[in-house]
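A.B. asks: Test case, fold it:
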Amino acid sequence: MLRVSLSVVCLLLPPSGAAVDYLLEEQLDRRLEQAAEGDVEAQYAVGDMYYKGRGTYVDHEKAYIWFRRSAALGHRKAEFKLGYMYLKGIGVGQDSTRAFELLRSSAAKRYAPAQFYLAQMYALGLGVGKNSTLALRWLRASIEEGYRPPKAELATIRADLDRVLNGQEIEPPLPP
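C.D. replies: Predicted structure coming up:
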């Protein structure tokens, strides 16, 4: 049986994070080549890497460009990301109407996060007229697709939906 001390193993490992950064940088380079050739999945992946700062720095303008290319080819996750960016004003001007259009397209393709946000938009009347029936329909669809929102959001959303169902007004979220 081979025995290796922990100190020897530590000497063999690169400094913390260096290997991961290098691998992500290499992945970004490969995906950029594929994206430039028109690969819709690669276009989305590149956008996501810029959006999250994986293998590169966070650059929402570049993320937007790549998400837009992928969404133009019907990629449901790219449509969602663009819609979310418009909804929150991330890297673009906040535009609830454009957000609604993109999220509706993604939701129609059974992308659960888009269905969830579309439900919120209907409940709050963001980019579309308030419609509690459609809000609940899209919320149910997102749950059936397996979406589980962050627990912090869930309590607020439940309270908002209860108010909508009881005919009470709710305040739309403040822009970031």
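A.B. asks: Which SSE is immediately downstream of the longest helix seen in the chain?
C.D. replies: Counting residues, the longest helix found in the chain (DSSP state H) is helix 18-36. Next along the chain after helix 18-36, taking DSSP states H and E as the criterion, comes helix 40-52.
A.B. asks: what angle sits between that following helix and helix 18-36?
C.D. replies: Angle, helix 40-52 to helix 18-36, by axes from the mean of the first three to the mean of the last three CA atoms, to 10 degrees: 130 degrees.
A.B. asks: rewinding a little: show me what the longest helix of the chain is packed up against.
C.D. replies: helix 40-52 (3 or more CB pairs under 8 Å, 6 or more residues apart in numbering; DSSP states H and E). Quick note: C-beta positions are derived from backbone N, CA and C, even for glycine.
A.B. asks: tell me the contacts of the residue nearest to the spatial centre of the chain?
C.D. replies: Geometric centre of the chain, nearest residue: residue 81, 4.4 Å, by CA atoms, centre = their mean. Neighbouring residues of residue 81 by CB atoms under 8 Å, 6 or more residues apart in numbering: 44, 47, 48, 51, 63, 67, 71.
A.B. asks: Could you pull up phi and psi at it?
C.D. replies: Phi and psi for residue 81, reported as degrees, to the nearest 10, are phi -60, psi -40.
A.B. asks: And it, how far from residue 130?
C.D. replies: For residue 81, the distance to residue 130 equals 25 Å [CB to CB, to the nearest Å].
A.B. asks: Same check on residue 87?
C.D. replies: Counting by CB to CB, the gap from residue 87 to residue 130 is 16 Å.
A.B. asks: With neighbour numbers in mind, choose between these two.
C.D. replies: Counted by other CB atoms under 10 Å, residue 87 and residue 130 do not tie: residue 87 has more neighbours, with 24 against 15.
A.B. asks: helix/strand/coil for the more buried one?
C.D. replies: The three-state assignment at residue 87 reads helix, by DSSP: H, G, I helix; E, B strand; the rest coil.
A.B. asks: Return the residues in contact with it.
C.D. replies: 94, 96, 99, 103, 117, 121, 126, 127.
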